[in-house]
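[1] Just to be clear, the model below is a prediction. Sequence and coordinates:
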Amino acid sequence: MGFIVCSLLLYFLPSIIGHSRRDFAGIFLLNFFLGWTVIGWIAALVWACASERRQPVLLVAAPGASPQYYCCRCGAASHAGSRYCWACGRAL
């Protein structure tokens, strides 16, 4: 049982290293589908080490500004009193 767990951890090592990188989806897919080949595993490992880290996005409300709602469908900002999105018409 321990051998299987260690083997899986070693197989997915590029994905583990690249979990906080911008290109995580590509690294994981390359590792998952082509990791069984030595070249695919090494390519995923190099990509995981060379990829840039994801930068956190901070949203700060302006002082004194009225609260806004964001539409789930299109992402447009609407004022707090709005019942429908001005861009797509969906109910907020």
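    Okay, I see it.

[2] can we go C-alpha only for contacts and neighbour counts from here?
    Fine.

[3] What is the end-to-end distance of stretch 27-45?
    The separation between the terminal residues of stretch 27-45, taken as Cα to Cα, to the nearest Å, is 8 Å.

[4] can you give me the strands for this protein?
    Here the chain has its strands, by DSSP state E, at 68-70, 77-79.

[5] so how far is Leu29 from Trp41?
    Between Trp41 and Leu29 the computed distance is 11 Å (Cα to Cα).

[6] Count the residues that sit near the residue nearest to Pro67 when sequence neighbours are not counted.
    Sequence neighbours aside, Ala80 is the residue nearest to Pro67 in space, at 5.5 Å (criterion: Cα to Cα, 6 or more residues apart in numbering). For Ala80, the neighbour count with other Cα atoms under 10 Å is 12.

[7] and what of Ala91?
    Residues near Ala91, counting by other Cα under 10 Å, number 11.

[8] ok, now Gly89?
    Residues within reach of Gly89, counting by other Cα under 10 Å, total 12.

[9] Next: Thr37.
    Residues near Thr37, counting by other Cα under 10 Å, number 11.

[10] Who has more neighbours out of Trp41 and Leu29?
    Neighbour count, other Cα under 10 Å: between Trp41 and Leu29, Trp41 has more, with 23 against 13.

[11] so who does the residue lying closest to that one once chain neighbours are set aside touch?
    Computed as Cα to Cα, 6+ apart, the closest residue to Trp41 that is not its neighbour in sequence is Gly35, at 4.2 Å. Going by Cα atoms under 8 Å, 6 or more residues apart in numbering, Gly35 touches 11, 41-42, 44.
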